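1. what's the 3D shape of this:
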Amino acid sequence: MIESTLLNHYKIDTLFPAEWPAGKDHDDSSEDEQEPARITKRKSRFSVLDRNASYRSSIPGAERTKDGVENLVQKDEPDPLGGPQSVIQILRQRGLPIEEDSKLRNRFLLSSTTFSPSLFLAQVHNGDSTDSLLAGLDFLSRSIEKKSASLKVLVESNFERFVRAKATIDNVYNEMRNQGLESDAQPGQRRSQGRHQSKNSGQFKRMSMALPSLGDKPLPNDKRKNALIKEMEYGVLPIKVPLTEVAVKAEEVWGPALGGREKEDSLKAVISCMEKHRSLFELGSSISECIKRRDNEALVEEYIRTRKAADDARSIVETSVENRIPLTDQEVNQVIVTARMWADVEKQVSDFKREVWRKLAGTHFSKHPASETNKSEEHMELISVLLELGVEDNPIWVWLLSRYDFLKSKITTTFERSRVEIEILRRRLANSGKPTGRQLATYLRAATPDGSSNSRFDSPQVIETWDHIYTCLTTLLSTQGGVLGEVIEFWETVQSFIEGRAQKTLPIGIDGASRKHHRLSMDGVKDLSNGAQELIKIIREELVSFFSDPPVEDISLLFSPIPPTPDTPRTPHTPKSATLSPFVDSRFKFDPANVPPPSPRTGESWEKFAFWPPYADSLSGAHYLAKILLLVGNAASEMANISFMKDGARSIDTLKFMVGTVRERCVSAACAAWNHDAENCKVLEDWTQAPDRHDLTNMPKRFLHVESFLLVNLQKLLYLSEATKRPDAPEVVVPPSGKVLQSVRNQFAASIYKALSGMVEIAEQEKMMDDSWDGEDGLAVPVDAEENADGKRGTWDAQDRNIRILLTLSNIQSLRNDVVPHLVGQFETFFSVKLTDETATIRDVLSQIDSRLFTSYVQPISSRLDKIIRDGINAPSWEPDNTRPTDARPYVYKVLLSLVLTHSEVSTTAAPLTAPILKHLLEALSGTLMVCFKTKPRFTLSALVQATLDVEFIAQTMNNYTTERAGEIQNAIYVSLDQRTDNEARLRLQDELQEMRSTLRRLRESTKVEFVCFKRTRMNTRAGEGGRPDSRPSIASRPGSRPR
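-> Next comes the predicted model:
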C-alpha cells in the first residue's frame, strides 16, 4: 500500500524513475495556487453545512474534479483480486489513455458507479490462467466478508448512541407533528421555540423565496406549515424542491457506496454459478481455440461434449414439463447457462461449417505435381469434419459437383483465353512483315537430315509463338498436370466414391447421422457419369474447333477479367464460384484503345489456319505440328482408356474423328508452307563450293537436308509413331487416309519441281538482281560467312551467267544421280508407298532441265564459233596463192582459242562437264565447216590442201574430244571436198600428202603449249571421256587419196 500511495501521489510508473517528470513542475504550481482557495472555502461560515466536502476530504486518495472538489472515486485502487500491482499501474503498462480519459479510467475502478466487470477482466486480467482467476475469486470473497465484519463491529460499539439518537428523533417528531396546536404555552418555551425557529427560519425562508410555487393547494396558516400532517405532506411540502436537489446530490455522493452491496450480491451469485458450471463455460472457449488451431479432431470431441450437455439440459426441461414439477434454482441456472453456452457454440460451429463448405468447394488439385501431394487429401479431411459435425447436404456430392463445375469452367476459359493469346501473337507477327530472302535462307539452312530440333530454323518471334501454342495445348491435353489429367483424376475419384472405396475411412457422424451421406443415389451416379462424358466432349469439340475454325476476330477477352454472370457455376453453401483467376503475362497486356490490328489479307495460306504463325516456314511448322499431333494422339489414347469411353463404339469413333480432323488440318497447313518454301528454295543457293566436291555448290546438300527434315517430321505427323498406346485401350490413332497421304505425295513431287525451277531461274538470269541479298538488314547473316572467312571455302562469281549455268548443271547432275534417288527411297520407306510414276516424271523433268541449261550454255559459244568459221572460210583471203599452204588459216586459231577459253572456264568451274561440252562444240563446229565448204562450187589444189589442213589440224588438236558423230561429220567433209575437186587435183594431192603430214606435225609441235589443255592426262581420263581415234578418218583414207 505504501508503494501504491507513493506512485499515485507522484503519478509515476516506478519507484526508481530515471529522471524527474516534466509535468510535475506545472502540477506543483497549480496545486500551490489552488491551496489558498481551498483554505478560504474551509473558513466560510457555512462550512459547517458543507457535509460533502468534510466527508470527501476524509477519504485518502479521493479523486479531485476540475473545480477542486473531491468525490468518492479514488485516483487508484489496489487490485480487487489481490494482484501485486494497482489497477492504474497495470493499465499504464497496457498503454491505455487513462490519464487523459477519466471516464475510461472510472470503468476500471471499483469505487466508481461506472465500473465494468467484463472490461476489468478483459484488460487487467486478460493473461491470467484459470487458477489465477480462482485465487482472485477467493481473495475477493475474503475481502467482502472482512468489510461486512467491520461494519457489524461498528454498529455494536455505537448501539447506545443509536438509542439516544432514536429518542431524540421521536421527541423532535412529536414536536413537529403538534406544531401550531399549542396556543397556550409558557413564555420560556415560546421564547426557546422562537429562538429555535429564528435560527433556522432565515435559511428556509430564503430557499422558499428562490423556489417556484409548489402546487395549487392553498397553504394553511404559517403555524401549521411545518407540521407533520398529511395536508402539508408531513412538513416536507415547503422544502420538497430543496430536498429533491439534496437527494440528487446525495445520490451522487452515496450512490456508489450504497450500490456496493448490490454488486457484492451480484458478484457472489455470478461466482457461485461460474464455480458450479465451470465446465460449461469452458466449452465455448475450447471450441474457439480448436477452430483457431485448426485442430479438427479436438473440435469434434468438444462438440460432442457440448451436444451431450445440451441434451442433458433438454432432458431436465422435458422431465419437468412431463411431470409438471417446477425447476429448482439450481436447475434453472443449469438450463440458462447451458442454453447460453449452446447458442454460442452453435454459432461458432455454424460459422465453422460455412467456412469448411467454402474451402471444400474451392479445394481443387492435381495429384501429379509434387507440391500438391498434401492437398490431394484435403477434401477428404474437410468431408470428414462435416460428416462428424453433421450436415443436411451431402458433402461428397457437393464437392464432386463443385469439382465438375470447376473443370467445366476451366476447360472453356482456358481454351478461349489460349485462342485469344495465340491470335494476339499471330497479329503481331503478321503486322511485322514477312522475312527477307536473307532471313529465309538462314532459316532453311538450319535444317538437319535427321529432323532434330534447331532453334535457328525460324525467327525468334515465330519460335515463341509455336512454343506458346504447344504450351497452351499441353496445359489442356497433358495427363501430367493438364486439364485432361484433372478430368481423368476426377472420374477416378468419382468411381472410388461410387464403388464405396473412398468412404471406408469417412466417419458416420454423431449417432450415425451421417451414414446416409456415404452412398450416392442412382440419379447422382448417372449425373456424374454424364458430367464426366460432357467434360471429355467439351475438350474434344474445343480441340477440333481450334484446328478447324478460322482465327478469332474478337480479342476483348483480355481487356479485363470477365465479370460473373448468372450462368457462372456455383455450388451449395459456397459464397464464391469455382472459376479461374486471370493469367498475368506482359505479352498479352495492351491498351484497349490500341488493340493489335487484324492480320492483313494478302491471300497467304496461313490466313485460314488459326494454329499457324504468320510467315512461319515449313521446317518449324512440321517440327512443332509433329509434337502437337503426338500430344493429341496421347490425349486421345488416354480418353479412350476411360471406362465409359470403352463401353461405347460411338465414343471411340468421335475420338478417331478428332485425331483425323486435326491431322488433316495440320498436314494441309504443313504442305502449304512446304509449297511456299519450295518456291523460294532458290535462296539456298549462295554460290559457294561444297566442302566435299568443288564442282558443286551447297545447294544440293541443303536441299537434301530440307527435304529430309520435312519427310522425317511429316512421317511423325501422319503416323504418330511415338504416341503412347495402352494395351487394353481401343485403337484411336489409325493410319492416315488416302487423301492425306496423296496430298503429301503430290507435294513431295511438286517441291522437287519448284526447287529445280528456282535453280534454273537464278541460273539463267542475265544479272543477279536479288534485292534481299543486296541490302544488309542486320537480322540474318549467311551461314557460310564465317566459313568463307578462313579461306577454306571458295565463292564463285555469281554475276557471271556462264558460271551460274555450269554450277547449276553440275548441281542438277548431283540431284539426278544422288539426291533425288535418296529422297525417293526415303519417302517410300517412311510412307510405305512406291513412287513409280513420280520417279519417272522427276527423271524426265531433270533431263529436260539439264538439256535446257546445257543448251543455254553452249548455244552462245556455238553461235560465236559458227560466225568465226563462216567469216574465215568465206573471206577472199582464205584460198592461198601458192599451191602448197604452210599454215592453217587464222579463223582456225580463233576457233581453237575460243575452245581453250571454254575449256578453262568449264574445267575450273565444273570439271566433269568439260568433255561433254567440248564434244558438243566439236560436233557443232564440224557441222559448220561442212556447211561452209559445201557453199563453194569448186576447189583448186591449193584450196583443197588448205581445207584439208584446216580440218585435219582442228581434228588432231581436239582428238581427245572427238565423238562418233564428229568423225562422221569429218568424213562427210572429205567426201564433200572430193566431190568439188577435179581428177588432176586429186592426183596431185597424193603427192602433197607427205608434205601435209609434215606441216601438221610442225603445227602441232609449235602449238602444243597453247593447246596443251586439250591433251589427255592420266589423272582426269575417264571412261568414255576421250575421243575415238579410229572413228576419225585420216588423211590417207580420204576419198581423194585412192586412185580411181
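2. Send me the host helix or strand of residue 949 as CSV with only the CA atoms.
-> Secondary structure assigned from DSSP states H and E places residue 949 in helix 941-957. Below are the C-alpha coordinates for helix 941-957, written out as CSV (Å, rounded to 0.1, in the frame of the first residue of the first chain):
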residue,chain,number,x,y,z
LEU,A,941,44.5,-27.9,-155.5
SER,A,942,45.7,-25.2,-153.2
ALA,A,943,42.2,-24.7,-151.8
LEU,A,944,41.8,-28.4,-151.4
VAL,A,945,45.1,-28.6,-149.5
GLN,A,946,44.1,-25.6,-147.3
ALA,A,947,40.7,-27.0,-146.5
THR,A,948,42.2,-30.4,-145.6
LEU,A,949,44.9,-28.7,-143.5
ASP,A,950,42.3,-26.7,-141.5
VAL,A,951,40.0,-29.6,-140.9
GLU,A,952,42.8,-32.0,-140.0
PHE,A,953,44.5,-29.5,-137.7
ILE,A,954,41.3,-29.0,-135.7
ALA,A,955,40.6,-32.7,-135.6
GLN,A,956,44.1,-33.7,-134.4
THR,A,957,44.1,-30.9,-131.8
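3. helices and strands around it, which ones?
-> Based on contacts counted as 3 or more CB pairs under 8 Å, 6 or more residues apart in numbering; DSSP states H and E, the elements that helix 941-957 packs against are helix 890-909, helix 914-934, helix 964-979, helix 983-1006. Using the backbone N, CA and C atoms, a C-beta is placed for each residue, glycine as well.
4. Repeat the analysis, applying 6 Å as the threshold.
-> helix 890-909, helix 964-979, helix 983-1006 (3 or more CB pairs under 6 Å, 6 or more residues apart in numbering; DSSP states H and E).
5. what's around residue 244, how many residues?
-> 10 (other CB atoms under 10 Å).
6. Then residue 878?
-> 18.
7. quick one: the helix or strand residue 173 falls within to chain centroid distance?
-> Taking DSSP H and E as the definition, residue 173 sits inside helix 159-177. Helix 159-177 has its C-alpha centroid displaced from the chain centroid by 97 Å (CA atoms, centre = their mean, to the nearest Å).
8. can you check stretch 423-436 too?
-> 23 Å.
9. buried sites along it?
-> 423, 424, 425, 426, 427, 428, 429, 430, 435, 436 (16 or more other CB atoms under 10 Å).
10. Please apply the same query to stretch 78-90.
-> Buried residues in stretch 78-90, defined by neighbour count with 16+ other CB under 10 Å: 78, 79, 80, 81, 83, 85, 86, 87, 88, 89, 90.
11. Please export the C-alpha coordinates of that stretch as PDB.
-> This file holds the C-alpha atoms of stretch 78-90, laid out as PDB (Å, rounded to 0.1, in the frame of the first residue of the first chain):
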ATOM      1  CA  PRO A  78      -5.400  -2.000  -5.300                       C
ATOM      2  CA  ASP A  79      -6.300  -5.000  -7.400                       C
ATOM      3  CA  PRO A  80      -9.700  -6.300  -6.100                       C
ATOM      4  CA  LEU A  81      -8.500  -9.800  -7.000                       C
ATOM      5  CA  GLY A  82      -5.300  -9.500  -4.900                       C
ATOM      6  CA  GLY A  83      -2.800  -8.700  -7.600                       C
ATOM      7  CA  PRO A  84       0.600  -7.300  -6.600                       C
ATOM      8  CA  GLN A  85       0.100  -4.100  -8.700                       C
ATOM      9  CA  SER A  86      -2.600  -1.500  -8.500                       C
ATOM     10  CA  VAL A  87      -5.200  -1.100 -11.200                       C
ATOM     11  CA  ILE A  88      -3.800   2.100 -12.700                       C
ATOM     12  CA  GLN A  89      -0.300   0.700 -12.800                       C
ATOM     13  CA  ILE A  90      -1.500  -2.300 -14.900                       C
END
